[in-house]
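>>> kindly generate the corresponding structure for this input.
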Amino acid sequence: MKLLILAWRNVFRHTRRSIISAIAISVGLAAMIFMNSMMNGVDKMAEENIINYEAGALSLFRKGYYREEGRYALDSLIENSDSLIKELRQIKGISTLTERIKFMAQLNTGIDELTVLGIGINVKDDDKVFKIRKSVVKGTFLKTTDDLLIGEGLARELNLDLGAMVTIIVKDKYGTYNAYDFEICGIINTAHPLIDRNTVLIALEIAQELLNMNQQVTEIAIKTNVKDLEKLKKEIYQKIGTRYELKTWKELYASIFEVSVMKRTTQFMLALVVLIIAVVGIVNTMLMAVMERVNEIGTLKAMGYSNFHITKIFVYEGGIIGLGGSLIGSIVGVIMSLYLQYFGFDLSKMFEGIDIIYPIKFILKGRLEVGMVIFTFLFGIIISVLVTLYPVRRAIKLKPIEALRKV
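This next block holds a predicted model:
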């Protein structure tokens, strides 16, 4: 206890220097917590958008359909989807499901023509899996086969509004071009930029007619509360056989989350650089303390204090500085992360019109991870203690007589 009290007094002997070192540590740790929260939030938003608007938790395709991301082939289709859905409904863990058709199309306004992603949806049960109906901000959801939903971003780009007539031009599964006139019945605004800026939605029946698909569909989207999707996949395969293939939302968008890992690593490294700078500051502080207190160290050794006791004093000093810096950094990091989690940063005006690979808009919201806060807090203290060992080596090498000569 006496050594701890002595270390405490030594820390505040040069208050400004100690505070600067503690603040340097706190900046690095706060940055680590904040960046981790930001990436957690971005990943969670991307996950929710994929599940709620594009793929569901699981997507079922005819075997051979899903050959590469972004390709919507019409040569491997699901037939007799009604009977297949009945089989799937019997599987425990599947909440509900719906059929969809995805296809590439040309959207012609009479003035402009643009390539878009078309989605044919089952109007009766699409909202049991997806949240498209809730995202209608103007007009109404699909009511007739002549109705079309368009994303807000796409409508703005083409200067379209409710009641406007557009023509959808598609190539059916036999390679024949077909066209159909639609009336825009509703404008949607989701949290998914692909849906808002590049997608039109029509009724499943008219999509089948346009693409000459009879009762066929390209996929069945499955909603489930089961967290172990791989286990559910095995159960589904046992029920329906291997004529089909199942993809989880993670598998469908693996490339996006590979980018997430790279970004997370890069941001963590940036925070770590800040922390390393702070660590260098502690080393310098402790080295200066050793140089300034040579006579005190000699006196302590002359009084019978061992190298172990002197080491403990300096380690305590580094630990006190680290504790203060870690506490401040953790508090600041938590406050910043909570603000990001509940209020977020709206960057949509700054980046308006820019396409990104992530299925989110430029509204950043965080997700605080308690485990990361605890890890960062302890990490700051441990690092601060460890880096004091180098200056301590110089202190314990001093001989009492040589040190006392400098008194």
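
>>> helices along the stretch 201-350 of the chain, start to end?
Using DSSP state H, counting those that start in this stretch, the helices assigned to the stretch 201-350 of the chain run over residues 204-210, 229-240, 249-252, 254-292, 294-302, 307-342.

>>> send me the second one as PDB with only the CA atoms.
Output in PDB follows, covering the C-alpha atoms of helix 229-240 (Å, rounded to 0.1, in the frame of the first residue of the first chain):
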ATOM      1  CA  LEU A 229     -29.700 -21.200 -40.600                       C
ATOM      2  CA  GLU A 230     -27.300 -24.000 -41.500                       C
ATOM      3  CA  LYS A 231     -29.200 -26.500 -39.400                       C
ATOM      4  CA  LEU A 232     -32.500 -25.300 -40.900                       C
ATOM      5  CA  LYS A 233     -31.000 -25.700 -44.400                       C
ATOM      6  CA  LYS A 234     -30.200 -29.400 -43.600                       C
ATOM      7  CA  GLU A 235     -33.800 -30.000 -42.500                       C
ATOM      8  CA  ILE A 236     -35.200 -28.400 -45.600                       C
ATOM      9  CA  TYR A 237     -32.900 -30.500 -47.900                       C
ATOM     10  CA  GLN A 238     -34.100 -33.700 -46.100                       C
ATOM     11  CA  LYS A 239     -37.700 -32.700 -46.800                       C
ATOM     12  CA  ILE A 240     -37.400 -31.500 -50.500                       C
END
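
>>> roughly how far out does it sit from the chain middle?
Distance of helix 229-240 from the chain centroid (CA atoms, centre = their mean, to the nearest Å) equals 27 Å.

>>> same question for the first one.
Distance of helix 204-210 from the chain centroid (CA atoms, centre = their mean) equals 36 Å.

>>> count of neighbours near residue 288?
Neighbour count of residue 288, defined by other CB atoms under 10 Å: 13. To be clear about C-beta, it is placed using only N, CA and C from the backbone, and glycine gets the same treatment.

>>> from now on call the first residue 47
Happy to do that; since the first residue is 47 now, the last one works out to residue 334.

>>> quick one: pLDDT of it?
At residue 334, the model reports a pLDDT of 71.

>>> got it, and residue 422?
Residue 422 is given a pLDDT of 87.

>>> so what's the residue count around it?
Look at residue 422: counted by other CB under 10 Å, it has 25 neighbours.

>>> and it, what does it touch?
Contacts for residue 422 (CB atoms under 8 Å, 6 or more residues apart in numbering) come out as 75, 78, 79, 372, 375, 376, 379.

>>> recalculate using a threshold of 7 Å.
75, 78, 79, 376, 379 (CB atoms under 7 Å, 6 or more residues apart in numbering).

>>> need the residue closest to the centroid of the protein.
Nearest to the mean C-alpha position of the chain, counting by CA atoms, centre = their mean, stands residue 89 at 1.6 Å.

>>> which strand runs longest in this protein?
strand 140-154 (DSSP state E).

>>> I'd like the helices of the stretch 247-396 of the chain as CSV, with distance to residue 438 appended.
Conversion of the helices of the stretch 247-396 of the chain to CSV gives the following (distance: least, CB to CB, whole Å):
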stretch, distance to residue 438
helix 250-256, 73
helix 275-286, 51
helix 295-298, 48
helix 300-338, 8
helix 340-348, 10
helix 353-388, 5
